[in-house]
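# Quick check, what structure comes out for this input:
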Amino acid sequence: FSLGSTEAILSSPLSRMKGCCLFHLPLSCCRLSSPERSLEHSLLTDDEIKQIAAALQTNTTLSKLDLTTNPMTLLGAQALADMLRINTHLSDLSLFDCRIGTAGVIALADALK
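Numbering: from 1, shown residues only. Below you'll find the predicted structure:
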């Protein structure tokens with residue numbers, strides 16, 4: 001995926017702007033003025049999450065991403081954690097009802113240290 005194709009995914013009809021999630025990682029050290037995107041309920045697999053995460057490593061536009069209720073597992077969470085170590089512009093990541101487990105939460109928390 002290139003950044004352009006990720007932007008196409010994030011602006012596709014699958015993207016819906018919603019502001020509610022129960023599992024939420026605030027990344028308050030980042031700026032908050034960028035667009036928000038929702039890919040909730042998009043049935044994104046770990047491989048698709050890895051592609052999105054790789055493209056978002058250099059993204060400076062997106063500040064809020066909702067991945068609520070996608071079937072990602074620890075592998076997807078690890079890809080997002082790797083992205084968060086590089087991307088300092090994403091300020092909000094919603095992962096409610098994903099199957100990342102405790103190890104996935106730990107990987108994400110370690111990325112934010």
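# for this protein, what's the longest helix?
As assigned by DSSP state H, the longest helix anywhere in the chain is helix 74-86.
# What helices and strands are in contact with the following helix or strand past that one?
For helix 74-86, the following helix or strand on the C-terminal side (DSSP states H and E) is strand 92-94. When contacts are defined as 3 or more Cβ pairs under 8 Å, 6 or more residues apart in numbering; DSSP states H and E, strand 92-94 packs onto strand 24-26, strand 64-66. Using the backbone N, CA and C atoms, a C-beta is placed for each residue, glycine as well.
# mind redoing it with 10 Å?
strand 24-26, strand 36-38, strand 64-66, helix 74-86 (3 or more Cβ pairs under 10 Å, 6 or more residues apart in numbering; DSSP states H and E).
# could you point out which element follows that strand?
Using DSSP H and E, the first helix or strand after strand 92-94 is helix 101-111.
# what residue ranges in the chain are flagged as low confidence?
1-34 (pLDDT under 70).
# separation between the closest residue to residue 101 other than its chain neighbours and residue 80?
Excluding the flanking residues, the one nearest residue 101 by Cβ to Cβ, 6 or more residues apart in numbering is residue 74, at 5.8 Å. Separation of residue 74 from residue 80 (Cβ to Cβ, to the nearest Å): 11 Å.
# ok, the two, which is more surrounded?
Taking other Cβ atoms under 10 Å, residue 74 and residue 80 do not tie; residue 80 has more neighbours (28 against 18).
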